[in-house]
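>>> mind folding the following:
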Amino acid sequence: MLAAKVGKEIPFSSEKFTEVLKQFSVKSGSVQAEIMKKTIEECEQPVIQGEERHCATSLESMIDFSTSKLGENVNAISTEVENQTQKQEYTIEAGAKKMAGEKSVVCHKQNYAHAVFYCHETKTRAYMVPLEGAHGTKAKAAAVCHTDTSAWNPKHAQWRGRGVQGGALVPPKI
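I've put the predicted structure just below:
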């Protein structure tokens with residue numbers, strides 16, 4: 001409960017950004033300050049049509065948002081790596097498993113001075129995908145496909161570096 005209380009007491013807004021920097025002893029104009037500012041700005045962007053969003057500033061807040069959207073009986077998934085090794089290329093192995101339901105809450109860890117998660121509920125398909133690394137490392141990756149991105153901004157960060165134009169991804173056939 002203390003973490004949730006602390007998360008609520010620390011300012012998290014563009015309007016109070018000077019106070020935020022002071023709270024964490026971060027120098028204005030520094031790389032860390034710019035990263036924190038970008039995280040706050042992302043959280044303050046207008047909500048995309050068909051999506052519900054929450055920037056959780058604690059693990060408790062992330063859980064509260066998720067269960068408020070999905071109910072108490074949820075299945076939390078994340079990527080699992082057998083043995084942490086050096087960075088390597090991975091190959092998708094046979095045996096991908098689709099998770100139940102067409103609705104999920106996806107939470108992305110943000111760069112910030114404390115725990116901040118960009119959580120959003122939207123229509124998705126979630127999978128657990130087995131991987132094998134070039135050095136033999138086994139992993140199970142959580143893969144979430146957004147099934148309707150038609151209302152997303154075509155300049156959304158999701159499209160950069162993926163060779164996608166206009167803002168539409170098609171779920172993979174697994």
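
>>> buried stuff in the lengthiest strand in the chain?
When the chain is parsed with DSSP state E, its longest strand is strand 117-133. Within strand 117-133, the residues scored as buried using 16 or more other CB atoms under 10 Å are 117-122, 124-133. C-betas here are computed from N, CA, C, even on glycine.

>>> before we move on, what about stretch 9-22?
10, 12, 17, 20-21.

>>> which residues does the most centrally placed residue in the chain bridge with?
The chain has residue 108 as the residue nearest its centroid, 1.4 Å off, counting by CA atoms, centre = their mean. Beta bridges link residue 108 to residue 118, judged by DSSP bridges.

>>> so it versus residue 55, what's the distance?
10 Å (CB to CB, to the nearest Å).

>>> overlap in contacts, these two.
Contact criterion CB atoms under 8 Å, 6 or more residues apart in numbering; residues shared by residue 108 and residue 55: 117-119.

>>> any idea which of those is closest to residue 45?
Of all those, residue 45 sits closest to residue 118, with 10.0 Å by CB to CB.

>>> what's the distance between that closest one and residue 152?
14 Å.

>>> mean confidence for the lengthiest helix in the chain?
For the chain, the helix reaching the highest residue count under DSSP state H is reported as helix 31-44. Taken as a whole, helix 31-44 has a mean pLDDT of 94.
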